[in-house]
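K.L.:
after the sequence you'll find the predicted model.
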Amino acid sequence: TILTMHRAFGSGQRVTTPSFMSPDALGKPLVFVSVIPDSVNIYLQGGKNKMVGQITGLTSPSGVATDKASNLYVTSASSGGLSIVLVYAPPYTGAPTLTLDDGAFFADGVAVSRAGVVAITNSCSAPSCSAGSGSVTFYAKNSTTPCATVLADPTLYPFGLNYGAFDDNGNLYVDSSDGSTSLMGKISGGCQATKIKPLTTTNTILFAQGIQV
């Protein structure tokens, strides 16, 4: 269901102008906003809501993240419909410096740890896995080859995984939702990760999406 929602949103009006970045904004604290169907808008953190840059030509961008070097990570779809994460270096107007291939999954979120480990949270969109199943794919810093893949137990996370966030110790927290019930989990170990530890809460979370620590 969530995959269908993303594809429906992706059918909206597209941006036809090229990517740009204001020279006056370089080196300043920025805010990145992914906009379906095909762009990431860039704003100054201390600005007056005026857009100072834009990355165009994407396909259904969703999750965004930055690392300590100010590189930007964006989930997108490839020409074949499979999910990828594109990595852009400042000033964000050139071609991606890295492309992480998420294989037969639909990537929702991307997170980067303080050590540079990248985690992609996703749901399955291929015949090779059951509908709604999900996983987290980990990549070592500057690598395009996965170093670990942790599958989500479909009995605990039957709707795939939405988004993830690292804490300062490299633990990844993830969420999952079907629109009426949400579940959380914790993954430790980064490239040595093997499982998701379920987390519980006493309050009701209906439709979990973004998560941060």
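P.N.:
In hand now; what should we look at? Residues are numbered from 1 along each chain as shown.

K.L.:
where does this protein have low pLDDT?
P.N.:
Within the chain, the stretches with pLDDT under 70 are 1-12, 79-82, 104, 125-132, 179.

K.L.:
can you give me the helices for it?
P.N.:
Here the chain has its helices, by DSSP state H, at 2-9.

K.L.:
contact partners for the residue of it positioned farthest from its centre?
P.N.:
Largest separation from the mean C-alpha position in the chain: residue 24, at 27.8 Å (Cα atoms, centre = their mean). If you count contacts by Cβ atoms under 8 Å, 6 or more residues apart in numbering, residue 24 has them with residue 52. Placement of C-beta: from N, CA and C, glycine included.

K.L.:
let's go with 10 Å and repeat that
P.N.:
Counting by Cβ atoms under 10 Å, 6 or more residues apart in numbering, residue 24 makes contact with 44, 52.

K.L.:
state the distance from it to residue 44.
P.N.:
9 Å (Cβ to Cβ, to the nearest Å).

K.L.:
can you list residues touching both of these two?
P.N.:
Joint contacts of residue 24 and residue 44 (Cβ under 10 Å, 6+ apart) are residue 52.

K.L.:
now do stretch 143-163: distance from first to last residue.
P.N.:
Chord length of stretch 143-163, first to last residue, is 21 Å (Cα to Cα, to the nearest Å).

K.L.:
off-centre distance for that stretch?
P.N.:
13 Å (Cα atoms, centre = their mean, to the nearest Å).

K.L.:
check stretch 19-35 too.
P.N.:
In terms of Cα atoms, centre = their mean, the centre of stretch 19-35 is found 19 Å from the chain centre.

K.L.:
that one: end-to-end distance?
P.N.:
Its first and final residues considered, stretch 19-35 spans 14 Å by Cα to Cα.

K.L.:
and it, what's buried?
P.N.:
For stretch 19-35, the neighbour count (16 or more other Cβ atoms under 10 Å) marks 19, 21, 25, 30, 32, 34-35 as buried.

K.L.:
so which of those are in strands?
P.N.:
The strands, defined by DSSP state E, take in 21, 30, 32, 34-35 from the buried residues of stretch 19-35.

K.L.:
nearest to residue 209 among these?
P.N.:
Within those, distances to residue 209 taken as Cβ to Cβ reach their minimum at residue 34, with 12.1 Å.

K.L.:
for the closest one, which non-adjacent residue is closest in space?
P.N.:
Of all residues not flanking residue 34 in the chain, residue 61 sits nearest, at 4.2 Å (Cβ to Cβ, 6 or more residues apart in numbering).
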